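Q: mind looking at a prediction? Sequence and model below.
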Amino acid sequence: MRQVHLAFAISWVLAVGTSTSSLTGQASLVATGTLSADTVGQGNVFEFSVEIGVPPGSAVYFPDTLPNAFGLESFRTVGWVVEAVGDGGVLTLTYPLIAFEIGLVPVPGLDVFIGPATEIEGQPLPTRSVIGKWSDVAANSRSETLERVSVARQSVWVASPILLEDISAGLEPRLPSDVLGANWDWLSLIVIFSLSAVLLVAVTPMAKKLLTNRSTEEELSEASVRVDPALARWQYALDELDRILSLGLHLDEEVDEFYNRSSGVVRTYVEGLDTAWGPSFTSSELMSQLERWTNGSSLDLYGSMDVAEVVKFGRLRPNADSAESDWRVLRSWVHKSGSIEP
């Protein structure tokens, strides 16, 4: 291979050194193709190398891969190296290939095109040459100005991984009956089943424990989600009363609004104690019902609610201390209402 390359380089130097004509006037360019091996194994990767001389100031066009052939296709895109020789250079293209069929398999040839590098963009080569775009050639946009250099097809012998001696010795693929039938290694089967049984015995208690823990966690989570409606209504009333006090309405001469909101919270809470007590009841009627329901144990609440009614519908305006005192009565009653029995 090295001798062929050296001879090719010498001939190229002589051709360039003795020629003073233009690219199109030179003797026809020559490309040589060689295989990395004459015989390859089935499924193995081998290489098809092409060497071609590149005159100075040239653009070179070549395909990225070789066309697929029967039982053979490209394994990767082409690789290339260039070596400066005299005024020109020698370009070596390497096409990795892989064969799948057994026997003599053809390796496709290819065409390399060379033309002037004027106004051609591409990867630079020594001596002012470039690698042109193969798509320009494929689209026939520049073919009339290019010189075609053909590389002859070759062939490679693809050997089977099963040798003739193996076949003579009786080597053959297993039949499905050998895989699925009774021809098993019983010792291996016994070991496999024994280990599976031991693993199952060891894992079962752990799986049961994990499932039990998960079930307990889910029950606790569901219990935390299920909130008693009465408890939620009770807590909401307390939170809302605290929020009303924090607004400081009774301190900003809005004592009527302070009473209105506070008594409204208590009224809404009381209405939830019995489905028969709805918005149709006045506050006085609602307190009368509540008095019977609690056996008259909430006298302070009735008094504060009465004051709230007078403030809302009359001209009574208690001072801030009195308003806050009535608010405490309302909140205290709501807070204790959970323990009041009818």
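A: Yep, that arrived.

Q: the closest residue to Phe62 other than its chain neighbours is in what secondary structure piece?
A: Spatial nearest neighbour of Phe62, chain neighbours left out: Val112 (4.8 Å); criterion: CB to CB, 6 or more residues apart in numbering. Every C-beta, even on glycine, is put in place using the N, C-alpha and C of the backbone. Assigned by DSSP states H and E, Val112 falls within strand 110-116.

Q: this protein: strands as residue ranges?
A: Counting by DSSP state E, the segments of the chain that form strands are 31-35, 39-41, 45-54, 58-61, 72-74, 79-85, 88-99, 103-107, 110-116, 123-125, 129-131, 147-151, 154-159.

Q: wait, which of these is closest to Val311?
A: strand 123-125 (93.0 Å; CB to CB).

Q: the closest one pairs with which strands, parallel or anti?
A: strand 129-131 (antiparallel) (DSSP bridges).

Q: what's the partner strand in contact with?
A: Residues from elsewhere that reach strand 129-131 (CB atoms under 8 Å, 6 or more residues apart in numbering): 54-61, 80, 88-89, 117, 120-125.

Q: next one: stretch 314-331
A: Surrounding stretch 314-331, the residues in contact under the criterion CB under 8 Å, 6+ apart are 238, 241-242, 244-245, 250-251, 255-256, 258-259, 262-263, 265-266, 300-301, 303-305, 307-308, 310-311.

Q: now that stretch: average pLDDT?
A: Average pLDDT, stretch 314-331: 87.

Q: for it, buried residues please.
A: Applying a neighbour-count criterion of 16 or more other CB atoms under 10 Å, one finds 318, 323-324, 326-327, 329-331 buried in stretch 314-331.

Q: then stretch 45-63?
A: Those would be 46-56, 58-63, for stretch 45-63 by 16+ other CB under 10 Å.

Q: send me that stretch as PDB with only the CA atoms.
A: Extracted as PDB, the C-alpha positions of stretch 45-63 are listed here (Å, rounded to 0.1, in the frame of the first residue of the first chain):
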ATOM      1  CA  VAL A  45     -15.900  -3.200   8.800                       C
ATOM      2  CA  PHE A  46     -13.300  -2.600   6.100                       C
ATOM      3  CA  GLU A  47     -12.200   0.400   4.100                       C
ATOM      4  CA  PHE A  48     -12.100   1.500   0.500                       C
ATOM      5  CA  SER A  49      -9.400   4.100  -0.100                       C
ATOM      6  CA  VAL A  50      -9.100   6.400  -3.100                       C
ATOM      7  CA  GLU A  51      -6.000   8.500  -4.000                       C
ATOM      8  CA  ILE A  52      -6.100  11.300  -6.500                       C
ATOM      9  CA  GLY A  53      -3.800  14.100  -7.400                       C
ATOM     10  CA  VAL A  54      -5.100  17.600  -6.900                       C
ATOM     11  CA  PRO A  55      -3.600  20.400  -9.100                       C
ATOM     12  CA  PRO A  56      -2.900  23.800  -7.400                       C
ATOM     13  CA  GLY A  57      -5.900  26.100  -7.200                       C
ATOM     14  CA  SER A  58      -8.500  23.300  -7.600                       C
ATOM     15  CA  ALA A  59     -11.900  22.500  -6.100                       C
ATOM     16  CA  VAL A  60     -12.500  18.800  -5.400                       C
ATOM     17  CA  TYR A  61     -15.900  17.300  -5.200                       C
ATOM     18  CA  PHE A  62     -16.600  13.800  -3.900                       C
ATOM     19  CA  PRO A  63     -19.600  12.000  -2.200                       C
END
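
Q: quick revisit: out of the strands of the chain, nearest to Ala197?
A: Closest of these to Ala197 is strand 39-41, at 44.8 Å (criterion: CB to CB).

Q: partners of that closest one in the sheet?
A: Here strand 39-41 has these sheet partners by DSSP bridges: strand 154-159 (parallel).

Q: ok and the strand it pairs with relative to strand 88-99, angle-wise?
A: Computed with axes from the mean of the first three to the mean of the last three CA atoms, to 10 degrees, the direction of strand 154-159 lies at 40 degrees from that of strand 88-99.

Q: so how far is strand 154-159 off the chain centroid?
A: Strand 154-159 has its C-alpha centroid displaced from the chain centroid by 44 Å (CA atoms, centre = their mean, to the nearest Å).

Q: pull the CA atoms of it into CSV?
A: Provided in CSV are the C-alpha atoms of strand 154-159 (Å, rounded to 0.1, in the frame of the first residue of the first chain):
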residue,chain,number,x,y,z
GLN,A,154,-13.9,-3.6,-7.0
SER,A,155,-15.0,-6.7,-5.2
VAL,A,156,-14.3,-8.3,-1.8
TRP,A,157,-14.7,-11.8,-0.6
VAL,A,158,-16.9,-12.0,2.5
ALA,A,159,-16.2,-15.1,4.6
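
Q: mind listing residues that contact that strand?
A: The contact list for strand 154-159, computed with CB under 8 Å, 6+ apart, reads 33, 35, 37-42, 46, 48, 71-72, 99-107, 109.

Q: switch the cut-off to 7 Å
A: With contacts defined as CB atoms under 7 Å, 6 or more residues apart in numbering, strand 154-159 is touched by 33, 35, 38-42, 46, 99, 101-107.
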